[in-house]
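Q: turn this into a structure:
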Amino acid sequence: MPPRKPGLPGWAILLIIAIVAVVSAGVFYAAGKSSSTATPTNTTLSGAQVAATNSAQLAATNGVSTVDTTSTQPASNSAHFKVGDTATTPDGFIVTVLKTYTSGGDTYNTPKAGNQYLIIDVSVKNTTGQVQHMAENQFTLTDNTGQRIDITFVSLDGVHTFIGGTLQDGSIMRGQLVYEVPKGNHPYQYTFMGNMFGNFQTIWDIHS
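A: Numbering: from 1, shown residues only. Below is the predicted model of the structure:
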C-alpha cells in the first residue's frame with residue numbers, strides 16, 4: 001500500500017476559506033455599485049412638467065414646432081391708429097373707427113356758417129367678461145390745438161346715433177357720433193376710454 005500523503009494543516013484550510021470569502025464579498029460589492037450607478041434616478045414631475053413633456057413629444061411626433069408664433073398688438077398710449085383700424089384695449093374692448101364723413105346738414109339741422117358736421121362711425125365689442133355700460137362721452141374729439149369738441153346732438157338722415165347703454169359680454173354696439181367743426185380738411189385726434197376713471201386712451205388720427 002503506497003505511503004499516505006500528508007494533508008494540509010487545519011489552520012491552512014481556514015486561511016484559504018477566509019481569503020475566498022473576502023474576494024467573493026469584494027466582487028459582489030463592486031457589481032452592486034456598478035448596477036446602482038447605471039440605474040437612472042426616478043424623478044417626480046409636476047403636472048405642468050408632465051403636460052409640457054407630453055405636448056413636446058406629441059408635437060415632435062407630428063412634426064410641429066412647439067414655439068408659439070401667435071402675436072398680438074394691443075393698443076398702447078403711444079400708438080396711433082387710422083380710420084378703418086381696429087384696436088384691442090387692455091381693459092377688454094375691441095374698438096373700430098369704421099369711417100368718417102362730413103355733412104352740410106338737412107332741412108331741420110344746419111351747422112353755423114362756415115361749419116359742417118363731422119360724422120364718425122364707430123363700433124365697440126365687449127370682451128371684458130362682464131356686462132359694461134357704454135356712453136357716447138367715452139369718445140372724445142380734439143383739434144390740433146388740443147381743444148375738445150363737444151358732441152352735437154342732431155337727427156340727420158342715415159345717422160344712427162351711438163347713444164350707449166348696456167353692452168353684454170361678447171356683444172357689439174355700433175353707431176355714429178356727430179360733431180360740428182370748421183369746413184375744410186383739418187386734422188383731429190379721436191380717443192376712446194373704456195374706463196372713464198382710468199388713464200388709458202386709444203387714439204385715432206382722422207381728418208374732416
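Q: what segments of this structure are helices?
A: Under the criterion DSSP state H, the chain contains helices at 10-38, 47-62.
Q: which stretch in those helices is the model least sure about?
A: Confidence, taken as mean pLDDT, is least for helix 47-62 of the helices of the chain (a mean of 40).
Q: so Trp204 sits against Gly84, correct?
A: No. If you go by Cβ atoms under 8 Å, Trp204 and Gly84 don't touch, sitting 9.3 Å apart. C-betas here are computed from N, CA, C, even on glycine.
Q: have a look at these two and say which one is more surrounded.
A: Trp204 (24 against 11; other Cβ atoms under 10 Å).
Q: gap between the more buried one and Thr166?
A: 25 Å (Cβ to Cβ, to the nearest Å).
Q: could you do Phe93 as well?
A: Counting by Cβ to Cβ, the gap from Phe93 to Thr166 is 14 Å.
Q: which of the two has more residues huddled nearby?
A: Phe93 (23 against 11).
Q: residue contacts, that one?
A: By Cβ atoms under 8 Å, 6 or more residues apart in numbering, the residues touching Phe93 are Val124, Lys125, Asn126, Thr127, Thr128, Gln132, Phe192, Gly194.
Q: under the pLDDT cut-off, which ranges of this protein? List them.
A: For the chain, applying pLDDT under 70 flags the ranges 1-78.
Q: follow-up on the earlier one: restricted to strands, list the contacts of Phe93.
A: Val124, Lys125, Asn126, Gln132, Phe192 (DSSP state E).
Q: any idea which of these is closest to Thr145?
A: Of all the ones in strands among the contacts of Phe93, Thr145 sits closest to Phe192, with 20.8 Å by Cβ to Cβ.
Q: so what's the residue count around the closest one?
A: Phe192, neighbours per other Cβ under 10 Å, totals 22.
Q: now the one 10 residues further on
A: Thr202 has 26 neighbouring residues, counting by other Cβ under 10 Å.
Q: next one: Phe162
A: 23.
Q: if we can go back for a sec, just the buried residues of the contacts of Phe93.
A: Val124, Lys125, Asn126, Thr128, Gln132, Phe192, Gly194 (16 or more other Cβ atoms under 10 Å).
Q: can you list those in CSV and add distance to Thr152?
A: Below are those laid out as CSV (distance: Cβ to Cβ, whole Å):
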residue, distance to Thr152
Val124, 20
Lys125, 26
Asn126, 26
Thr128, 29
Gln132, 25
Phe192, 18
Gly194, 23
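Q: next up, the contacts around Ile203.
A: Ala79, His80, Phe81, Gln189, Tyr190, Thr191.
Q: how does it look with 7 Å?
A: The neighbours of Ile203, taking Cβ atoms under 7 Å, 6 or more residues apart in numbering as the test, are His80, Phe81, Gln189, Thr191.
Q: of the residues you listed, buried ones?
A: Buried members of these, scored by 16+ other Cβ under 10 Å, are Phe81, Gln189.
Q: JSON lines please, covering the contacts of Ile203 and showing distance to His160.
A: Formatted as JSON lines, these follow (distance: Cβ to Cβ, whole Å):
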{"residue": "His80", "distance to His160": "27"}
{"residue": "Phe81", "distance to His160": "22"}
{"residue": "Gln189", "distance to His160": "24"}
{"residue": "Thr191", "distance to His160": "22"}
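Q: this completes my enquiry, with thanks.
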